[in-house]
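Asks: sequence first, predicted coordinates after that:
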Amino acid sequence: MHKKQIEELAVRISGTQSKPADARVKAIVDRLLVDIFTVIDDFDVTPEEFWSALSYLTELGQSNEYALLAAGLGIEHYFDIRLDEKEAAAGIETGGTPRTIEGPLYVGGAPVSTGEARLDDDPDVGEILFMEGQVTDTAGRPLAGATVEVWHANTKGNYSFFDKSQSPFNLRRTIKTDAEGRYRFRSIMPSGYGCPPTGPTQHLLDRLGRHGQRPAHIHFMVSADGYRQLTTQINIEGDAYLHDDFAFATRDGLIPAVTHHTDPSALKDRGVNGPFATITFDFTLPHA
Ligand code: MBD
Ligand code: FE
């Protein structure tokens, strides 16, 4: 089919309107149809291929993996790029901590505390982790009472709520910063995440010749009145996938140094009975 015929068909379909439409939805669907017809035409897609694609989408939904695939195809990352661009174009304040994707595994309503928290509720064999830092504005002024939501995987790369073997809200907390804008928490070092190996996202990634792995990381959502909400992650340095994240979320400025402590006197000072790691990471929020 020629481009002109595709457009004529799309116009004919679009014109079968008998009541008021949602103009934006209609415009997007009209455009999607042209793009789908064009792909079918350019690649000579067979009906069998098309019906199998629909089965794939059904399976994707039944497995609750739509958002996982969106991350894997870089679509979630693309929204970050656009937000960065829009902020730059709007001429509003820039220079805060870089944003990166939220991912599909955030859960609201985690236990709230002020200043500090312990995140690990379940027994696990991970290295103990102490992380702390300060939330400031771009001039370095501390933001007291800011909200730091933190969530991360366990040593198997699994997240509570989605992994029903973990306690509710294991490795998920909301910490309000203290009077100096500081937060600190004790947790365990997460492992990297891998897409469910027999799920539809990994099936498609296999056909694209791609892996479905993420480096070990910790998610944050930081907010304070009058400032732009920041959704971001830090990556754990040394991870084999540090610069090969299937979800494209690694960014400069989000890979803090990790210090590992094994010295008995350091363990004693921290009141722990095993090796631990420390990370310091500050969050900078531009004005809203
Ligand atoms: C994750 O832990 C994650 O953060 C993303 C973006 C996708 C899959 C698993
Ligand atoms: Fe994650």
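Replies: Looks like it arrived, so ask away. Ligands and ions are numbered 1, 2, ... in the order given.

Asks: show me the shaky parts of the chain.
Replies: Within the chain, the stretches with pLDDT under 70 are 1.

Asks: where does it get nearest to ligand 1, which residue?
Replies: Residue nearest to ligand 1 within the chain (Cβ to the nearest ligand atom): Gly103, separated by 2.7 Å. No exception for glycine: its C-beta is placed from N, CA and C like everyone else's.

Asks: next up, the contacts around that residue.
Replies: 67, 71, 76, 219, 233, 247, 249 (Cβ atoms under 8 Å, 6 or more residues apart in numbering).

Asks: so for stretch 120-130, what gets flagged as buried?
Replies: Using 16 or more other Cβ atoms under 10 Å as the test for burial, stretch 120-130 gives 120-121, 124, 126-130.

Asks: end to end, how far does it reach?
Replies: End-to-end span of stretch 120-130 (Cα to Cα, to the nearest Å): 11 Å.

Asks: what comes into contact with it?
Replies: In contact with stretch 120-130 (Cβ under 8 Å, 6+ apart) are residues 154-155, 166-167, 169-171, 184-191, 260, 270, 272, 274-279.

Asks: interface residues of the stretch 1-150 of the chain facing ligand 1?
Replies: Residues of the stretch 1-150 of the chain lying close to ligand 1 by Cβ under 6 Å from any ligand atom are 68, 71, 101, 103-105.

Asks: which strand or helix spans Asp121?
Replies: Counting by DSSP states H and E, there is no helix or strand that carries Asp121.

Asks: phi, psi for it please.
Replies: Main-chain dihedrals, Asp121, degrees, to the nearest 10: phi -100, psi -20.

Asks: the nearest residue to Ile13 once chain neighbours are set aside: what secondary structure?
Replies: Setting aside the residues directly before and after it, Ile13 is nearest to Leu33 in space (Cβ to Cβ, 6 or more residues apart in numbering), at 6.4 Å. For Leu33, the assignment made with DSSP: H, G, I helix; E, B strand; the rest coil gives helix.

Asks: count the residues that sit near Leu33.
Replies: 15 (other Cβ atoms under 10 Å).

Asks: just the one 4 residues further on next, same as before
Replies: By the criterion of other Cβ under 10 Å, Phe37 has 19 neighbours.

Asks: quick check: it touching Ala10?
Replies: Yes: Phe37 lies in contact with Ala10 (Cβ atoms under 8 Å); the separation is 6.8 Å.

Asks: where's the residue nearest to Ile188 when sequence neighbours are not counted, which helix or strand?
Replies: Excluding its sequence neighbours, the residue lying closest to Ile188 (Cβ to Cβ, 6+ apart) is Gly126, at 3.4 Å. Applying DSSP H and E as the criterion places Gly126 outside every helix and strand.

Asks: repeat that for Val25.
Replies: Using DSSP H and E, Val25 falls within helix 23-42.

Asks: tabulate the CA atom coordinates of that helix in PDB.
Replies: What follows is helix 23-42, C-alpha atoms only, in PDB (Å, rounded to 0.1, in the frame of the first residue of the first chain):
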ATOM      1  CA  ALA A  23      -9.900  15.300  21.000                       C
ATOM      2  CA  ARG A  24      -6.500  14.400  22.400                       C
ATOM      3  CA  VAL A  25      -7.300  10.600  22.600                       C
ATOM      4  CA  LYS A  26      -8.700  10.700  19.100                       C
ATOM      5  CA  ALA A  27      -5.700  12.600  17.600                       C
ATOM      6  CA  ILE A  28      -3.300  10.100  19.200                       C
ATOM      7  CA  VAL A  29      -5.300   7.000  18.200                       C
ATOM      8  CA  ASP A  30      -5.600   8.400  14.600                       C
ATOM      9  CA  ARG A  31      -1.900   8.800  14.500                       C
ATOM     10  CA  LEU A  32      -1.100   5.400  16.000                       C
ATOM     11  CA  LEU A  33      -3.300   3.800  13.400                       C
ATOM     12  CA  VAL A  34      -1.300   5.400  10.600                       C
ATOM     13  CA  ASP A  35       2.000   4.300  12.200                       C
ATOM     14  CA  ILE A  36       0.700   0.700  12.700                       C
ATOM     15  CA  PHE A  37      -0.500   0.500   9.100                       C
ATOM     16  CA  THR A  38       2.900   1.800   8.000                       C
ATOM     17  CA  VAL A  39       4.800  -0.800  10.100                       C
ATOM     18  CA  ILE A  40       2.500  -3.600   8.700                       C
ATOM     19  CA  ASP A  41       3.200  -2.400   5.200                       C
ATOM     20  CA  ASP A  42       6.900  -1.700   5.500                       C
END
